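In: below: sequence and its predicted model.
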Protein chains: 2
Amino acid sequence: MISQERDSGNAATPDVPVKRGHAHPVTLREVAELAGVSTATVSLVINKKKNARIADDTRQRVTQAITQLGYRPNAMAKTLVSGTSKFIGLVADGVATTPFAGQIIHGAQDEAWKHGYALLIANTEGNQELEKDAIAMMLEYKVRGILYSTWFHRPTDIPDTLRESDFVLVNCFSPEPGTARAVVPDETQGGRSATEILLRGGHQRIAFINATTPSPARDGRLQGYKDALEAAGIPFDTELVLEAYPDQEGGYGATEHLLARNVGAVYCYNDRMAMGLYDGLRENGLSIPDDMAVVGFDNQEVIAAHLRPPLSTVSLPHYELGAAGVRMLLGLDAAPLESAVKIACPPVQRASVAVHSPA
Amino acid sequence: MISQERDSGNAATPDVPVKRGHAHPVTLREVAELAGVSTATVSLVINKKKNARIADDTRQRVTQAITQLGYRPNAMAKTLVSGTSKFIGLVADGVATTPFAGQIIHGAQDEAWKHGYALLIANTEGNQELEKDAIAMMLEYKVRGILYSTWFHRPTDIPDTLRESDFVLVNCFSPEPGTARAVVPDETQGGRSATEILLRGGHQRIAFINATTPSPARDGRLQGYKDALEAAGIPFDTELVLEAYPDQEGGYGATEHLLARNVGAVYCYNDRMAMGLYDGLRENGLSIPDDMAVVGFDNQEVIAAHLRPPLSTVSLPHYELGAAGVRMLLGLDAAPLESAVKIACPPVQRASVAVHSPA
DNA sequence: TACGAGTGATCAAACGCTTTAGCAGAATGG
DNA sequence: CCATTCTGCTAAAGCGTTTGATCACTCGTA
């Protein structure tokens, strides 16, 4: 005990806050006693209450006592008084699992932090039971609100308990419109941007390899493709829309069908398909972007930025989704109930599409 | 008031818990009043105190009141009384950012949940200031302990404030041994396993493309390679160890040097290098695994499982790191101070190495 | 009959903080 | 010189739980 009295080597600086390890935490009262004031005064000083009248001298003594004791407020006690915590809950059905969707966490965390909130996360892996428990836990901790997110963009049912709190759907939306605030990626604009990259590359005959799996992404990305063509005055040709399972194998498998279409450019439903397609094209002795210009979708870093050549694509704005979700929750962004707010999917140009030098 | 008595449209099912939206939350006292008992009794019932004597009849009335009111305990109040919360803090320098390391979150979350804890996460992106604030926040919320994690395996300094709480280093370790509990991947065993995949494939002359960037991984993976060779009675040949920047471009760039070595098998420092190498080999008209057997390291799902052919590799056990970290923190796993606990990197065999049929 | 033991439930303090009403004294004004 | 205002600070209630001490009974037993 005695030997613990001073930190070894610290003897020269006596007024340094004592390292108390896990000892009994310092409370407001102790600070008050040291400063020779009431706890009320200390509280007022700490919270810099605007209309509290505190003598400068007193203020000094208090702050001095605080640092001397190494006082740390007990957030639980605060919350108990105020009724709501500085937590924002994030329940995810797999955000932590899937690679890039972890950005939702990241964006939410950054934005939350910016406003003095901390993130309480729960990964439910789609397990209903877990999900219920997670939400219950968050409610018990009096979270300011809950972000309910999915790892891929889709409609989702809203658990009953979620309604006991403020909440915002992130990367998903309610099938019945008007019942929940939501923020989702703008698939249509994304599809349009992707197609436009190819159009700007001077291509006219552009194929689209869509996913076989039904989803808002599938519909939106196709719509964007159509929109872009229409805007460019190019008639939409059903023949040029293929379908494949949205992964590398799907993209690879689509190669022959693609080649049968006699096109010079292709827009893939996602980067993984594009990656598979790269292999397929290569096996056919075709080079990218000269024989075939390719764009993907998702901007899945590990893939897109490092394929040979690097893949032009469109970003899924996961980070922004998380951040926007938090802002909506806190009422900083408009959050219409009628329909989901759409976040742009910005195009990312890389070498898989050659720049067009108009002859 | 009167008009609120019943939920509109709910008149037929009077005993259903009232949906109270964000109204004043139900407290213990209200439950007690409804049940005609004291709050103490309600508390005892809720917490199923073993040595509390409660009449069955009373117990009934209480539970009935609870569901009728839709009571939810206030975790903050509980925590205030008990002194520590059911939170485990996770501070990460980029776990949420980098794709597969999100698994640390996932593993920690699952394990924490299993023991009744929730995860409080903070992504510091390496920002010291943020980090300090994050830890402070966690301390204020009286977390049970903190997991301090890094997105790649490395030595790390331990922030002072961290010591005010229980903590475990995850995927990193203290440069001064004996000062902190830690859990890290077993790079050496991983390197050995990777090499063994090739050895089992019947290869004798095996190159290793190591990273140029110094790190425990670089050292460990090399050591494992040496160990495996030694165990197989193959002399270590410095010539066969190349170095490159650990990404796709690095792997690609290493191709020619590799080919100059006249080897039939190569073990890459990571999957990204292997991915680049695939391109390089292909351009040289070589096929995998016939002309060159390849193994990687990391088992980065998006890449490894979907290259053509799929890549044999070794898993970085991020999920397990997170889970083990939590177990250590809670004292469920042994957690020596002297040195970091090593978690196995299990090999994952895929088609990039042909099975050896001994002649 | 009275006593100890058991039973079922309550009392009240404590957890650490915020906040409002209000008090004592100093300064100001008429 | 007294009334008023201002200044600086405190007392105390309250936030929703937990928990050890206690209490009012009812039995069985000596």
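Out: Perfect, thanks for sending it. All of these numbers come straight from a predicted model, not from anything done at the bench.
In: quick one, phi psi at the residue in the stretch 151-300 of chain A positioned nearest to DNA strand C?
Out: Taking Cβ to the nearest atom of the strand as the measure, the stretch 151-300 of chain A has A:D166 as its residue closest to DNA strand C, at 20.0 Å. To be clear about C-beta, it is placed using only N, CA and C from the backbone, and glycine gets the same treatment. Torsion angles at A:D166 (phi, psi; degrees, to the nearest 10) stand at phi -70, psi 140.
In: same deal with the one 5 residues further on?
Out: Backbone dihedrals for A:N171, given as degrees, to the nearest 10, come out at phi 70, psi 20.
In: so which residues of chain A form strands?
Out: A:87-92, A:118-123, A:145-155, A:167-173, A:182-185, A:206-211, A:241-244, A:265-268, A:293-295, A:313-314, A:341-343, A:347-348 (DSSP state E).
In: got a list of contacts for stretch A:126-141?
Out: With contact meaning Cβ atoms under 8 Å, 6 or more residues apart in numbering or on different chains, stretch A:126-141 is reached by A:85, A:87, A:89, A:91, A:93-94, A:120, A:122, A:124, A:146, A:159, A:161-162, A:164-165, B:72-76, B:113, B:118.
In: enumerate the residues of the stretch 51-200 of chain A near DNA strand C.
Out: Counting by Cβ under 7 Å from any atom of the strand, the stretch 51-200 of chain A comes close to DNA strand C at A:52, A:71-74, A:77-78, A:80-82.
In: buried subset of these, written for ChimeraX?
Out: A single ChimeraX command selects the buried members of these (16 or more other Cβ atoms under 10 Å in any protein chain shown):
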select /A:71,72,73,74,77,78,80
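In: can you pull the contacts of A:F87?
Out: Shown here is A:F87, whose contacts under the criterion Cβ under 8 Å, 6+ apart are A:117-120, A:138, A:141-144.
In: repeat that for A:H257.
Out: Listed by Cβ under 8 Å, 6+ apart, the contact set of A:H257 reads A:L242.
In: likewise for A:S287?
Out: A:S287 sits in contact with A:L281, where contact means Cβ under 8 Å, 6+ apart.
In: on the pLDDT front, check it for me.
Out: On the pLDDT scale, A:S287 is placed at 95.
In: how much space between it and A:Y278?
Out: For A:S287, the distance to A:Y278 under the criterion Cβ to Cβ, to the nearest Å works out to 10 Å.
In: in TSV, list the residues of the stretch 51-200 of chain A next to DNA strand C along with pLDDT.
Out: Supplementary listing: these in TSV, determined by pLDDT from 0 to 100:
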residue	pLDDT
A:A52	81
A:Y71	95
A:R72	95
A:P73	96
A:N74	96
A:A77	96
A:K78	95
A:L80	95
A:V81	94
A:S82	93
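In: related to what we said a few turns ago, out of the strands of chain A, which one sits most buried?
Out: Between the strands of chain A, strand A:313-314 has the highest mean count of neighbours, a mean of 33, where neighbours are mean count of other Cβ atoms under 10 Å in any protein chain shown.
In: what helices or strands is that one leaning on?
Out: Strand A:313-314 sits against helix A:187-200, strand A:347-348, with contacts defined as 3 or more Cβ pairs under 8 Å, 6 or more residues apart in numbering or on different chains; DSSP states H and E.
In: parallel or antiparallel, which strands does it pair with?
Out: Counting by DSSP bridges, the strands paired with strand A:313-314 are strand A:347-348 (antiparallel).
In: A:T213 touches A:P246, doesn't it?
Out: Yes: in this structure A:T213 lies within contact range of A:P246 using Cβ atoms under 8 Å: 6.3 Å.
In: these two: which has the busier surroundings?
Out: Between A:T213 and A:P246, counted using other Cβ atoms under 10 Å in any protein chain shown, A:P246 has the larger neighbour count: 26 against 13.
In: right, and the more buried one touches A:N270 too?
Out: Yes: in this structure, A:P246 is within contact of A:N270 by Cβ under 8 Å, at 5.3 Å.
In: which neighbours do the two share?
Out: A:A211.
In: flag every residue of chain A that's near DNA strand D.
Out: Residues of chain A lying near DNA strand D (Cβ under 7 Å from any atom of the strand): A:36-41, A:44, A:52-55, A:57-59, A:77, A:80-81, A:83.
In: are any of the residues you listed buried, and if so which?
Out: In the residues of chain A next to DNA strand D, burial by neighbour count holds for A:37, A:41, A:44, A:58-59, A:77, A:80, counting by 16+ other Cβ under 10 Å.
In: can you tell me which residue is spatially central in chain A?
Out: A:I104 (1.7 Å; Cα atoms, centre = their mean).
In: tell me who's in contact with that residue.
Out: For A:I104, the set of contacting residues under the criterion of Cβ under 8 Å, 6+ apart consists of A:90, A:92, A:95, A:149, A:170-171, A:318-319, A:321-322, A:325.
In: between the residues you listed, which is closest to DNA strand D?
Out: Relative to DNA strand D, the closest of the contacts of A:I104 is A:L90; by Cβ to the nearest atom of the strand it sits at 23.7 Å.
In: Provide a list of residues in contact with A:C268.
Out: Residues touching A:C268, when contacts are defined by Cβ under 8 Å, 6+ apart, comprise A:208-209, A:251, A:274, A:277, A:294-297.
In: show me what contacts the spatially closest residue to A:F87 that is not a sequence neighbour?
Out: Spatial nearest neighbour of A:F87, excluding adjacent residues (Cβ to Cβ, 6 or more residues apart in numbering or on different chains): A:V143 at 4.4 Å. Residues in contact with A:V143, defined by Cβ under 8 Å, 6+ apart, are A:84-85, A:87-89, A:120, A:165.
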